[in-house]
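Visitor: I would like the atomic coordinates for the input below:
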Amino acid sequence: MIHLKTLHKKQLAEFISSGDFKKYDFLPITEHRAKSHIENPKADEDQTLLILAFEDDELAGYLGCFPDNFMVEGKKFNYAWLSTLFISNKFRGKRIAQSLLNRAFEEYNGEIAITEFTKEAESLYNKIGLFQYIQPKNGKRYYFQTDFANIIPTKKPNTQSLKPVFNLADSVANSLISVKNCFVKKPDFKFEVLNTIDSESTTFLNQFENNRNASEINSLIENPWVLEGNIKDEKYLFSSYSKEFKYFWIKIYDNNQLTTCSLLLLRDGHLKIPYLFSKTDLEKFVNFLSYFIVKNKVITLTNYQNDLNQTIELVKNFPKIHERIIERRYMFHKELIQKLPENFNPNFQDGDGDCAMT
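Guide: This next block holds a predicted model:
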């Protein structure tokens, strides 16, 4: 018989410190991901962060919750993102996923949001009929180097034996691209690259309406779900380690006046822009991005900042070799939608929700 166990901050901390999370056939959470959940400044002490499903004493599956909130017309709305949902193959077909979801709905009174879901998960969410799509985010993915050796074998596994050929093609193509990019120079205006948000940036961010303040963004930086390391955690399905995983806090100045701040996330050559705040046009920031991309040998940039994408189109020397349109979809539980004003737009940045963590 299936039974469920919920863990809030203190219980999750005890679960990790005791080492009990390691005793099952698979990990329901990693130690550093648990720390991030516990340190989440938007999570209350009694909010459920992890739900475990057991058959007798055997772990069958789990569901993670990432509490969040936003202000609407001066009123705070609390809700949670579903951050993980996993059922062991051994226990498939026993409606465990539905049981875990139902418990999450109970714990949060239906105030649940989801994004970055797999096709399999999306099919489940649509099947249960309790979620609605809200306004998606439209963005672009820019490519700066070829990556045939990884892309082609992933899409066509039968070409794995040709990987040395793809590596050679990448080497030749990217050598030519690097010659072209040698003309991208360090910007001649003042900028700073920091590890975390400083006091000057905090004051600057206070001018903007935003779903996360400086302290909350710093918490994301200091408590990532992914750590750097050549480790492959076979017992955990979700993101855990990468060879490269770094945050950069960028400050752009105009005549010694801070005009733009942004958080960049670089993971194994792939760049994201979780947060961007600016009081001016973004041409200088695009020029800085060009320099950053070339210097750090960025392979792709995924960007949902519409103003930035529009500015990139106007800058001739941006070092892209290809681009394509992408979309991030969001689903809200119907109970949450009913509590929000009609035509509500959450104005999510790329880093809202759990997207900044991976």
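Visitor: From here on, just use CA atoms for contacts and neighbour counts.
Guide: Will do.
Visitor: Please, where are all the strands along the stretch 101-250 of the chain?
Guide: 112-115, 131-133, 137-143, 191-194, 227-228, 241-242, 245-254 (DSSP state E, counting those that start in this stretch).
Visitor: So which of those is nearest Leu220?
Guide: The closest of those to Leu220 is strand 245-254. By C-alpha to C-alpha, the value is 9.5 Å.
Visitor: Tell me the helix or strand right after that closest one.
Guide: strand 257-267 (DSSP states H and E).
Visitor: ok, that next one: who's next to it in the sheet?
Guide: Sheet pairing for strand 257-267, assigned by DSSP bridges, gives strand 245-254 (antiparallel), strand 270-278 (antiparallel).
Visitor: which residues touch the shortest one?
Guide: Just to be clear, that refers to strand 270-278. For strand 270-278, the surrounding residues in contact (C-alpha atoms under 8 Å, 6 or more residues apart in numbering) are 205, 208, 259-266, 298-305, 349-352, 355-356.
Visitor: The first one too?
Guide: With contact meaning C-alpha under 8 Å, 6+ apart, strand 245-254 is reached by 189-197, 201, 221, 226-228, 258-268, 284-285.
Visitor: One more: stretch 130-150?
Guide: The contact list for stretch 130-150 (C-alpha under 8 Å, 6+ apart) reads 125, 163-167, 169-170, 173-174, 177, 298-306, 309, 319-334, 345.
Visitor: Make a ChimeraX selection of the buried ones in those residues.
Guide: In ChimeraX syntax, the buried subset of the contacts of stretch 130-150 is picked out as below (16 or more other C-alpha atoms under 10 Å):
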select :125,166,167,169,170,174,177,298,299,300,301,302,303,304,305,309,319,320,330,331,332,333,334
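Visitor: now, which of the contacts of stretch 130-150 lie within helices?
Guide: The members of those that map onto helices under DSSP state H are 125, 163-167, 169-170, 173-174, 177, 306, 309, 334.
Visitor: Out of these, which comes closest to Ser215?
Guide: Among those, Asn306 lies closest to Ser215 (C-alpha to C-alpha), at 24.9 Å.
Visitor: which strands and helices sit next to the lowest-mean-pLDDT helix or strand in the chain?
Guide: Lowest by mean pLDDT, DSSP states H and E among the helices and strands of the chain is helix 163-181, with a mean of 77. Under the contact criterion of 3 or more C-alpha pairs under 8 Å, 6 or more residues apart in numbering; DSSP states H and E, helix 163-181 touches helix 148-155.
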